[in-house]
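**Student:** Below are the sequence and a predicted model; questions follow.
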Amino acid sequence: LMPTDYATPEAKPRLDPGGGMDFSKNMKGGRAPAKGLSFVEYTIFALFFGGHAFIVWMLFYLILYLVVPSWLLLLLTMTYVAHLLTNDDQHTGRCAWAGFRDCFWPNTAIKYFDMELLCSEELKLRSSERYIFGIHPHGIFTYGGLLLYASESPLRKRFKSFMAHPCVASVTFYVPIIREYLLWTGHIDASRRTVDKALAEGKNIGIVIGGEAEVLQTENSKEKVVLLGRKGFVKMALKHKASLVPTYAFGQNDTFTIDKKSGFWIRNWLQRKFKISIPVFWGRMGGPVPHRKKIYVAVANPVKMPAKVELDENGDPDPRVVDEYHRKYVFALQELFESYKSQAGYKDRVLEVLHAPSRCRQHHHPHTKIKYER
């Protein structure tokens, strides 16, 4: 059988010169009217996609404390903690629940930000190939990652059967309720072992390459990504022959008002020393709910890996090949940004590509950022 693209059922196939059939819709995104949220949807969004999302479990626990006998609450707590410490579901992705991804819960953010897809008509995602999506920027919260799993995301509407597993920091799987949301929506641990296993099993993944370092670089009205010196994702792509797909969420950095100056030196030290990012931010009316800012997510055509890659005794590709494809990825991201920034309403912004902090500290590289120039 010829390989097919992930496709919408109603789309008509046309001949694809690259092999197989192309069922994708011919579209670049198109402006859609903003959709309102019901009271229930807004409440769910405010609780789980706002700045206080990681402490919602405290409210839930307080409610249990008020209605459940103390002995039963203690038993439930001990059982949950034991399960949390001994379970490895975050390394397998087996808890991904299609019914939950398709329900209104994860889709409230898609509607709230009125997310829109920007891509070329030639974009194809083939079911016979594997992909690593680079998610940029991190922002305070990575709302652009919803594109990969929420059923109402414009990417999944275009490629109906497409699914990817976003990778997140290990610590997030130890936060009650947030853990369950991540597991049910198909998120997996961002550790090298887990990513390697997922790609070996033929899964698509998404990686927020800038990580916690990029959180502290987030500023309103500026576009920054921490990418130089981060090459682990390229090694994985070469090893598993997974195409790299840059994505960029325009508007994400302005969903919260950010105070970068207050206590920055101590927050920067904590990030470097313990890999913990503590941004200072607020949303609507000074609260935790993000500003209602339209988000445009631009998706580039895949950067394909070479058909033959030689690996050393440790299973790693040649560093020169890694550098070559890392440069291709950076250039593809810059091209993506420049191609769609005007359409997204950010024509005057410049993408700054920064070195990872550890690289700057160890090698004292004289150039901490680069700017795209045509």
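**Tutor:** Now that the structure is in, tell me what you want to look at.
**Student:** quick one: contacts for Tyr149?
**Tutor:** If you count contacts by CB atoms under 8 Å, 6 or more residues apart in numbering, Tyr149 has them with 101, 106, 156, 163-166, 185-186. (Each C-beta comes from the backbone N, C-alpha and C, glycine too.)
**Student:** Okay, and which of those map to strands?
**Tutor:** Assigned to strands by DSSP state E, the following of these qualify: 165-166.
**Student:** Can you tell me which one of the contacts of Tyr149 sits lowest on pLDDT?
**Tutor:** For the contacts of Tyr149, the weakest pLDDT value sits at Met163, with 89.
**Student:** Go through the contacts of Tyr149 and say which is closest to Phe39.
**Tutor:** Using CB to CB, Pro106 comes nearest to Phe39 of the contacts of Tyr149, at 18.1 Å.
**Student:** show me where the protein has strands.
**Tutor:** Counting by DSSP E, the chain has strands at residues 14-15, 21-22, 116-118, 131-136, 165-168, 188-189, 205-207, 223-228, 243-250, 257-258, 281-282, 296-299, 351-355, 369-371.
**Student:** Give me the nearest residue to Ala46, chain neighbours excluded.
**Tutor:** The spatial neighbour of Ala46 that comes closest, neighbours along the chain excluded (CB to CB, 6 or more residues apart in numbering), is Val289 at 4.9 Å.
**Student:** ok so, going back, TSV for the contacts of Tyr149, including distance to Pro176?
**Tutor:** Written out in TSV, the entries for the contacts of Tyr149 read as follows (distance: CB to CB, whole Å):
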residue	distance to Pro176
Arg101	20
Pro106	18
Arg156	28
Met163	26
Ala164	25
His165	21
Pro166	20
Thr185	16
Gly186	19
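**Student:** With distance to Ile110 and mean neighbour count as added columns, please give the strands of the chain in TSV.
**Tutor:** Written out in TSV, the entries for these read as follows (distance: least, CB to CB, whole Å; neighbours: other CB atoms under 10 Å):
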stretch	distance to Ile110	mean neighbour count
strand 14-15	28	9
strand 21-22	25	20
strand 116-118	10	22
strand 131-136	15	27
strand 165-168	15	23
strand 188-189	21	26
strand 205-207	16	24
strand 223-228	22	23
strand 243-250	12	24
strand 257-258	22	18
strand 281-282	22	18
strand 296-299	10	26
strand 351-355	24	20
strand 369-371	31	13
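**Student:** how about the ones you listed, which one is nearest Val68?
**Tutor:** Comparison of the strands of the chain against Val68 by CB to CB identifies strand 165-168 as nearest, at 30.1 Å.
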